[in-house]
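Participant: My questions concern the predicted model and sequence given below.
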Amino acid sequence: MRARVNFSQVRKPKSFHARQYRALIDDCCSPNTHSWPTMHWDLEQATEAKRLIDFVGQRGVARARDIDREGFHRATLSRLVQQGRLQRLSRGIYSLTGHDFTEWHQLAELCKAVPTARIALISALAFHGIGTQVPYETWVVLPVGAWTPSVHHRLRIARFAEPYYSAGIEIHPIEGVDVPIYNAAKTVADCFKMRSKVGYDVAVEALREGWRARKFTMDDLSRYARLNRVERIMRPYIEAIIG
């Protein structure tokens, strides 16, 4: 049942048709709340509230700074959160209440909060369906010199200089967010490069299972192995796998 609005408490311009105003306010009302009538929204505020709901809905997950950049008032954002139409996922990150979260929601939320993060290593293996590792932390790569983000996620951070940071990136849309993830071949080569962190057994398993599942070509794998300077280390494992 939709929340009832006491229109005697709502300020509206005389020139605006009562039915239009009722429809606009009613469209912004949450169906399960009774606090809206105490919030005295005028026409301009109600219109902005509707625009902000549409803005967040189109993006799936929105940052507070993006909301500010679009010219929305923080008071409108706070009221919609209080009203239950928007929800605060973490510091500065918002979505529609009841947003349909996918299996990879955490990656979308993280990359929205930290645009320089690249999903890498074990988290990238899990995304590509390679191997048996189930990461309890999100493995990301940041550029050398980037600040360490303060987020509520459990992170394992590696730092790559160029060209290693930008090479092999694929953009995957998740819940309306473009999430940068290293492709399968680059991820396997990165696992050998970072074998002291992920473990030699993880790197070898990623190579074996990725090749078995045809997640990459040998040409792509060789290119990223040369880039990471691990071609000599990987060669005996590649020869054993391909016979």
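Facilitator: Sure, I can see it.

Participant: Average pLDDT for the strand or helix carrying Ala124, rounded please.
Facilitator: In the assignment (DSSP states H and E), Ala124 maps to helix 121-128. The predicted model gives helix 121-128 an average pLDDT of 95.

Participant: Check the offset of that helix from the chain's centre.
Facilitator: For helix 121-128, the separation from the chain centroid amounts to 15 Å (computed by CA atoms, centre = their mean, to the nearest Å).

Participant: Now do that helix: which elements does it pack against?
Facilitator: Packing partners of helix 121-128 (3 or more CB pairs under 8 Å, 6 or more residues apart in numbering; DSSP states H and E): strand 138-143, strand 155-160, strand 177-182, helix 184-193, helix 195-198, helix 200-212. Glycine gets a C-beta too; all of them are placed from N, C-alpha and C.

Participant: switch to 7 Å and redo it
Facilitator: Using 3 or more CB pairs under 7 Å, 6 or more residues apart in numbering; DSSP states H and E as the contact criterion, the secondary-structure elements in contact with helix 121-128 are strand 138-143, strand 177-182, helix 184-193.

Participant: Please identify the most buried of these.
Facilitator: Most buried of the helices and strands packed on helix 121-128 by mean neighbour count (mean count of other CB atoms under 10 Å) is helix 184-193; its value is a mean of 28.

Participant: From the contact counts, what lies against that one?
Facilitator: On a contact count with 3+ CB pairs under 7 Å, 6+ apart, helix 184-193 meets helix 121-128, helix 200-212, helix 218-228.

Participant: Can you list the neighbours in contact with that helix?
Facilitator: Applying CB atoms under 7 Å, 6 or more residues apart in numbering, the contact partners of helix 184-193 are 120-121, 124-125, 128, 130, 167-168, 182, 198, 202-203, 206-207, 210, 215-216, 220-221, 224-225, 228, 230, 233-234.

Participant: Could you rerun that using 8 Å?
Facilitator: Contacts made with helix 184-193 from outside it, assessed by CB atoms under 8 Å, 6 or more residues apart in numbering, are listed as 120-122, 124-125, 128, 130, 141, 167-168, 182, 198, 202-203, 206-207, 210, 215-217, 220-221, 223-225, 227-230, 233-234.
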